[in-house]
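[1] pasting the structure only:
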(Lines give C-alpha, C1' and ligand atoms only; values in the text may rest on other atoms or scores of the structure.)
Protein backbone atom coordinates (compact mmCIF):
# COMPACT_ATOMS: atom_id res chain seq x y z
CA UNK A 1 0.00 0.00 0.00
CA UNK A 2 1.20 3.50 -0.81
CA UNK A 3 2.30 5.73 2.03
CA UNK A 4 -0.49 7.99 3.22
CA UNK A 5 -0.01 11.62 4.11
CA UNK A 6 -2.47 13.48 6.28
CA UNK A 7 -4.06 16.71 5.18
CA UNK A 8 -6.34 18.97 7.16
CA UNK A 9 -9.75 19.76 5.75
CA UNK A 10 -12.26 22.01 7.48
CA UNK A 11 -15.86 20.84 7.10
CA UNK A 12 -19.07 22.51 8.10
CA UNK A 13 -21.12 20.64 10.70
CA UNK A 14 -23.86 19.31 8.35
CA UNK A 15 -21.22 17.83 6.01
CA UNK A 16 -19.36 16.22 8.90
CA UNK A 17 -22.61 14.76 10.24
CA UNK A 18 -23.45 13.30 6.82
CA UNK A 19 -19.98 11.76 6.60
CA UNK A 20 -20.30 10.28 10.08
CA UNK A 21 -23.69 8.80 9.19
CA UNK A 22 -22.41 7.38 5.89
CA UNK A 23 -19.29 5.96 7.55
CA UNK A 24 -21.42 4.23 10.18
CA UNK A 25 -23.82 2.82 7.55
CA UNK A 26 -20.88 1.53 5.51
CA UNK A 27 -19.00 0.22 8.56
CA UNK A 28 -15.97 2.44 7.88
CA UNK A 29 -14.06 5.10 9.71
CA UNK A 30 -14.70 8.70 8.65
CA UNK A 31 -11.22 8.78 7.09
CA UNK A 32 -11.96 5.63 5.06
CA UNK A 33 -15.33 7.07 4.01
CA UNK A 34 -13.66 10.27 2.79
CA UNK A 35 -10.95 8.31 0.95
CA UNK A 36 -13.53 6.03 -0.74
CA UNK A 37 -15.62 9.02 -1.83
CA UNK A 38 -12.60 10.91 -3.15
CA UNK A 39 -11.35 7.82 -5.01
CA UNK A 40 -14.80 7.36 -6.60
CA UNK A 41 -15.18 10.94 -7.76
CA UNK A 42 -11.60 11.13 -9.06
CA UNK A 43 -12.13 7.85 -10.92
CA UNK A 44 -15.33 9.22 -12.46
CA UNK A 45 -13.75 12.57 -13.35
CA UNK A 46 -10.79 10.96 -15.11
CA UNK A 47 -12.61 8.00 -16.68
CA UNK A 48 -15.76 9.52 -18.15
CA UNK A 49 -16.19 12.47 -20.47
CA UNK A 50 -18.39 15.41 -19.50
CA UNK A 51 -21.46 14.32 -21.54
CA UNK A 52 -21.40 10.91 -19.80
CA UNK A 53 -21.14 12.50 -16.35
CA UNK A 54 -24.03 14.84 -17.17
CA UNK A 55 -26.15 11.92 -18.43
CA UNK A 56 -25.43 9.94 -15.26
CA UNK A 57 -26.55 12.89 -13.14
CA UNK A 58 -29.67 13.28 -15.29
CA UNK A 59 -30.57 9.60 -14.76
CA UNK A 60 -30.03 9.92 -11.00
CA UNK A 61 -32.36 12.93 -10.92
CA UNK A 62 -34.99 11.12 -12.98
CA UNK A 63 -34.81 8.17 -10.57
CA UNK A 64 -35.08 10.50 -7.59
CA UNK A 65 -38.13 12.27 -9.03
CA UNK A 66 -39.89 9.05 -10.06
CA UNK A 67 -39.28 7.54 -6.61
CA UNK A 68 -40.53 10.70 -4.91
CA UNK A 69 -43.75 10.65 -6.90
CA UNK A 70 -44.41 6.92 -7.21
CA UNK A 71 -42.51 5.02 -4.50
CA UNK A 72 -39.71 2.48 -4.38
CA UNK A 73 -37.90 1.80 -7.65
CA UNK A 74 -38.00 -1.89 -6.74
CA UNK A 75 -41.74 -1.99 -7.47
CA UNK A 76 -42.43 -3.20 -11.04
CA UNK A 77 -44.74 -0.29 -11.99
CA UNK A 78 -42.34 2.30 -10.59
CA UNK A 79 -39.43 0.62 -12.38
CA UNK A 80 -41.48 0.79 -15.58
CA UNK A 81 -42.11 4.51 -15.00
CA UNK A 82 -38.37 5.09 -14.55
CA UNK A 83 -37.58 3.16 -17.74
CA UNK A 84 -40.08 5.32 -19.63
CA UNK A 85 -38.64 8.50 -18.11
CA UNK A 86 -35.13 7.51 -19.18
CA UNK A 87 -36.31 6.52 -22.67
CA UNK A 88 -38.12 9.86 -23.04
CA UNK A 89 -35.10 11.78 -21.72
CA UNK A 90 -32.79 10.07 -24.19
CA UNK A 91 -35.14 11.00 -27.03
CA UNK A 92 -35.21 14.62 -25.83
CA UNK A 93 -31.41 14.90 -25.78
CA UNK A 94 -30.78 12.78 -28.89
CA UNK A 95 -27.92 14.25 -30.96
CA UNK A 96 -28.84 15.35 -34.45
CA UNK A 97 -25.66 14.36 -36.27
CA UNK A 98 -25.40 12.53 -39.58
CA UNK A 99 -22.93 10.22 -41.28
CA UNK A 100 -19.91 9.81 -39.02
CA UNK A 101 -21.80 8.63 -35.94
CA UNK A 102 -23.69 5.91 -37.80
CA UNK A 103 -20.39 4.77 -39.33
CA UNK A 104 -18.96 4.38 -35.81
CA UNK A 105 -21.37 1.53 -35.03
CA UNK A 106 -20.30 -0.44 -38.06
CA UNK A 107 -22.50 -3.38 -39.05
CA UNK A 108 -24.33 -3.49 -35.69
CA UNK A 109 -27.56 -1.61 -35.40
CA UNK A 110 -27.91 0.68 -32.33
CA UNK A 111 -30.57 -1.50 -30.66
CA UNK A 112 -28.43 -4.64 -30.86
CA UNK A 113 -25.34 -2.78 -29.69
CA UNK A 114 -27.23 -1.25 -26.75
CA UNK A 115 -28.78 -4.57 -25.67
CA UNK A 116 -25.43 -6.35 -25.94
CA UNK A 117 -23.64 -3.74 -23.83
CA UNK A 118 -26.43 -3.71 -21.22
CA UNK A 119 -26.43 -7.52 -20.91
CA UNK A 120 -22.63 -7.63 -20.68
CA UNK A 121 -22.48 -4.96 -17.96
CA UNK A 122 -25.36 -6.58 -16.06
CA UNK A 123 -23.51 -9.90 -15.91
CA UNK A 124 -20.28 -8.12 -14.86
CA UNK A 125 -21.84 -6.36 -11.85
CA UNK A 126 -20.37 -7.16 -8.44
CA UNK A 127 -21.96 -10.24 -6.92
CA UNK A 128 -23.41 -8.27 -3.99
CA UNK A 129 -25.42 -6.12 -6.44
CA UNK A 130 -26.62 -8.88 -8.76
CA UNK A 131 -29.63 -9.87 -6.68
CA UNK A 132 -30.51 -6.42 -5.32
CA UNK A 133 -33.58 -5.76 -7.44
CA UNK A 134 -34.99 -9.27 -7.07
CA UNK A 135 -34.30 -9.33 -3.32
CA UNK A 136 -35.86 -5.88 -2.89
CA UNK A 137 -38.96 -7.05 -4.70
CA UNK A 138 -39.19 -10.13 -2.46
CA UNK A 139 -38.86 -7.96 0.66
CA UNK A 140 -41.66 -5.70 -0.54
CA UNK A 141 -43.94 -8.68 -1.26
CA UNK A 142 -43.23 -9.98 2.25
CA UNK A 143 -44.14 -6.58 3.71
CA UNK A 144 -40.66 -5.46 4.76
CA UNK A 145 -39.07 -2.32 3.43
CA UNK A 146 -35.61 -2.18 1.83
CA UNK A 147 -33.03 -0.31 3.92
CA UNK A 148 -33.49 3.44 3.47
CA UNK A 149 -30.21 5.17 2.51
CA UNK A 150 -31.43 8.70 3.23
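    Looks like it came in fine. Treat the numbers as computed from the prediction; the structure is a model and nothing was measured.
[2] when you work out contacts or count neighbours from here on, use the C-alpha atoms and nothing else.
    Noted.
[3] what's the domain layout of the chain?
    What automatic domain parsing lists as the domains of the chain is 15-47, 48-94, 97-144.
[4] average pLDDT for the second one?
    What it means is domain 48-94. The predicted model assigns domain 48-94 a mean pLDDT of 93.
[5] again with stretch 4-22
    Per-residue scores along stretch 4-22 average to 94.
[6] what comes up buried for that stretch?
    Across stretch 4-22, burial judged by 16 or more other CA atoms under 10 Å covers 19-20, 22.
[7] can you tell me which of those end up in helices?
    Counted as lying in helices by DSSP state H, out of those, are 19-20, 22.
[8] quick check: longest helix of this protein.
    Assignment by DSSP H gives helix 50-70 as the longest helix of the chain.
[9] report the distance from that one to the chain centre.
    9 Å (CA atoms, centre = their mean, to the nearest Å).
[10] okay, the angle between the helix or strand just after it and helix 50-70?
    Proceeding N to C from helix 50-70, the next assigned helix or strand is helix 76-92, under DSSP states H and E. Between helix 76-92 and helix 50-70, the angle comes out at 140 degrees (axes from the mean of the first three to the mean of the last three CA atoms, to 10 degrees).
[11] since that was my last question, I'll sign off now.
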